[in-house]
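*Asks:* Here's a sequence, model it:
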Amino acid sequence: MGLNCGIVGLPNVGKTTIFSALTSTPAETANYMFSTIKPNIGIVNVPDERLDKIASIFKPKKVTPAVVEFVDIAGLTKGSSRGEGLGNKFLSHIRQVGVIAHVVRCFVNDDIIHVSGKIDPLSDIEVINIELALADLESVEKRKEKLEKQLKATSKDSGKDVRAVLELLEKLREELEKGIPARLLGFTEEQTALLKDLHLLTMKKQIYVCNVDEETLRTGSKYIDVVKEHAEKEGAVAIPICGKLEAEIALLETDQERKEFLKEAGLEESGLVKLIHSGYNLLGLRTYFTAGDPEARAWTYDDGDKAPQAAAVIHTDFEKGFIRAEVYHYDDLMKYGTEQKVKEAGKLRVEGKEYLVKDGDIMHFRFNV
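*Replies:* I've put the predicted structure just below:
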């Protein structure tokens, strides 16, 4: 479990450059379409000062942060949903990610060819969204055809559930034909569950990444403004990121060097941190910690998980044989200074199966399998 983020966009918007900067992973780039045939994958540690402070108290042999997987998916273009430019292969990679980082070109550079010959962020966004909607439409049509055959061989009473799904698919088909993403259709939790095995591309949360130069990162631009306005209408977020700046930050060795660099650049946090935080918020992901002499570690769980489900992030046996959880909060550790003093203050609790885990909890699970 954790954040899995697919980076998509038109050719030459700079998404592979941003991927390389964020992950410090060399990736294939070129000034022409379809330069990236296979997806590049990079694993990045989730920056979390809380884990560092926990480690400074426990002084464990090992410190293990949560991680984010970034997948750089080859440049999509008009016709990708019909297989043009190896589009179907690219779209299949998107189905496997949890959230989409949609890179939009918001910089002007005559040396880098734009696929449509002009800088128009909203047009670029529309091309990608239509291709994703068309790919989903194909999936919906195939599922409808299968269920309609199934319905013919089913009695009236037993076919009730099938008809309910068919009605849902018909509504989805009508909206996808208009280019409207599934995530904007206001489906209930029950309806979303019925559609889950379709792995709809347009159901995935999106973060719009405005690729800008250093000056625009500080001053802003009309291109960033239109992307932010579009994102707001969708209930999404838009983040300006400068690939060149992120690449320079990635070369720095210590947190202190990075902080000083950001301060000089007039920035509070890096684009990487903004992107990770946005992804966590969109997907409802949270963090709890385990700490002791051998290891201090951050674990990613879903907001609303109870103790057994959160324990399963470590190992499924922890959920199966869950007995109880010993819990206190990071804030209490910072207040009292040591785990022993947290106990003495009565802040360490024993919680059962119904306990709702809180972001920043420090937990020790008891289980028996």
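*Asks:* Ranking helices and strands of this protein by mean pLDDT, which lands last?
*Replies:* helix 87-94 (a mean of 63; mean pLDDT, DSSP states H and E).
*Asks:* Downstream of that one, the next helix or strand is which one?
*Replies:* strand 99-105 (DSSP states H and E).
*Asks:* Tell me the strands beside that following strand, with direction?
*Replies:* Take DSSP bridges as the rule and strand 99-105 pairs in its sheet with strand 3-8 (parallel), strand 205-211 (parallel).
*Asks:* Between those strands, which one is closest to Ile54.
*Replies:* strand 3-8 (20.4 Å; Cβ to Cβ). All C-beta spots, glycine's among them, are computed from the backbone N, C-alpha and C.
*Asks:* what's the closest of the strands paired with strand 99-105 to Val104?
*Replies:* strand 205-211 (5.7 Å).
*Asks:* Now the strands paired with strand 99-105 in a markdown table, please, with extra columns for mean pLDDT, mean neighbour count and distance to Val127.
*Replies:* Below are the strands paired with strand 99-105 laid out as a markdown table (pLDDT from 0 to 100; neighbours: other Cβ atoms under 10 Å; distance: least, Cβ to Cβ, whole Å):
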| stretch | mean pLDDT | mean neighbour count | distance to Val127 |
| --- | --- | --- | --- |
| strand 3-8 | 89 | 24 | 11 |
| strand 205-211 | 94 | 25 | 14 |
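*Asks:* Turn these into a markdown table, columns for distance to Val165.
*Replies:* Below are the strands paired with strand 99-105 laid out as a markdown table (distance: least, Cβ to Cβ, whole Å):
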| stretch | distance to Val165 |
| --- | --- |
| strand 3-8 | 27 |
| strand 205-211 | 23 |
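*Asks:* do you know which of those strands lies nearest Asp317?
*Replies:* strand 3-8 (23.7 Å).
*Asks:* who's in contact with the closest one?
*Replies:* 15, 18-19, 46, 68-73, 76, 93-94, 96-103, 128, 207, 209, 275-276, 279-280, 283, 285, 300 (Cβ atoms under 8 Å, 6 or more residues apart in numbering).
*Asks:* Name the residues of the longest helix that the chain contains that are buried.
*Replies:* As assigned by DSSP state H, the longest helix anywhere in the chain is helix 121-152. If you call a residue buried by 16 or more other Cβ atoms under 10 Å, then helix 121-152 has these buried ones: 121, 124-125, 127-137, 139-140, 143-144, 147.
*Asks:* circling back to that earlier point, report the buried members of the contacts of strand 3-8.
*Replies:* Buried, going by 16+ other Cβ under 10 Å: 15, 18-19, 46, 68-73, 76, 93-94, 97-103, 128, 207, 209, 275-276, 279-280, 283, 285, 300, out of these.
*Asks:* can I assume Ile41 is in contact with Val71?
*Replies:* Yes. Using Cβ atoms under 8 Å, Ile41 is in contact with Val71, at 5.4 Å.
*Asks:* now the helices: where do they sit in the stretch 201-350 of the chain?
*Replies:* 214-219, 222-234, 243-251, 255-264, 271-283, 307-311, 316-320, 330-336, 339-344 (DSSP state H, counting those that start in this stretch).
*Asks:* for the ones you listed, which one sits closest to Asp361?
*Replies:* Closest among the helices of the stretch 201-350 of the chain, using Cβ to Cβ: helix 330-336, at 7.5 Å.
*Asks:* taking the mean pLDDT, what do you get for that closest one?
*Replies:* Averaged across helix 330-336, pLDDT comes to 98.
*Asks:* Repeat that for stretch 182-199.
*Replies:* Mean predicted lDDT for stretch 182-199 stands at 90.
*Asks:* next one: stretch 71-83
*Replies:* 61.
*Asks:* Could you do stretch 169-179 as well?
*Replies:* 91.
*Asks:* swap in stretch 231-242?
*Replies:* 93.
*Asks:* Find the residue at the geometric middle of the protein.
*Replies:* Val99 (3.7 Å; Cα atoms, centre = their mean).
*Asks:* mind listing what that one touches?
*Replies:* Applying Cβ under 8 Å, 6+ apart to Val99 gives the contacts Leu3, Asn4, Cys5, Gly6, Lys204, Lys205, Gln206, Ile207, Gly279, Leu282, Leu283.
*Asks:* just these now: which is nearest Val63?
*Replies:* For the contacts of Val99, the nearest to Val63 is Leu3 (19.2 Å; Cβ to Cβ).
*Asks:* got a list of what the residue lying closest to Val350 once chain neighbours are set aside touches?
*Replies:* Setting aside the residues directly before and after it, Val350 is nearest to Arg324 in space (Cβ to Cβ, 6 or more residues apart in numbering), at 5.4 Å. Shown in contact with Arg324 (Cβ under 8 Å, 6+ apart): Val350, Glu351, Gly352, Phe365, Arg366.
*Asks:* hang on, the earlier thing: roughly how far out does the longest helix of the chain sit from the chain middle?
*Replies:* 22 Å (Cα atoms, centre = their mean, to the nearest Å).
*Asks:* between that helix and strand 99-105, how many degrees?
*Replies:* Compare the direction of helix 121-152 with that of strand 99-105 by axes from the mean of the first three to the mean of the last three Cα atoms, to 10 degrees and you get 150 degrees.
*Asks:* elements contacting the helix or strand following helix 121-152?
*Replies:* Downstream of helix 121-152, the first helix or strand assigned by DSSP H and E is helix 160-177. For helix 160-177, the packing partners by 3 or more Cβ pairs under 8 Å, 6 or more residues apart in numbering; DSSP states H and E come out as helix 121-152, helix 189-195.
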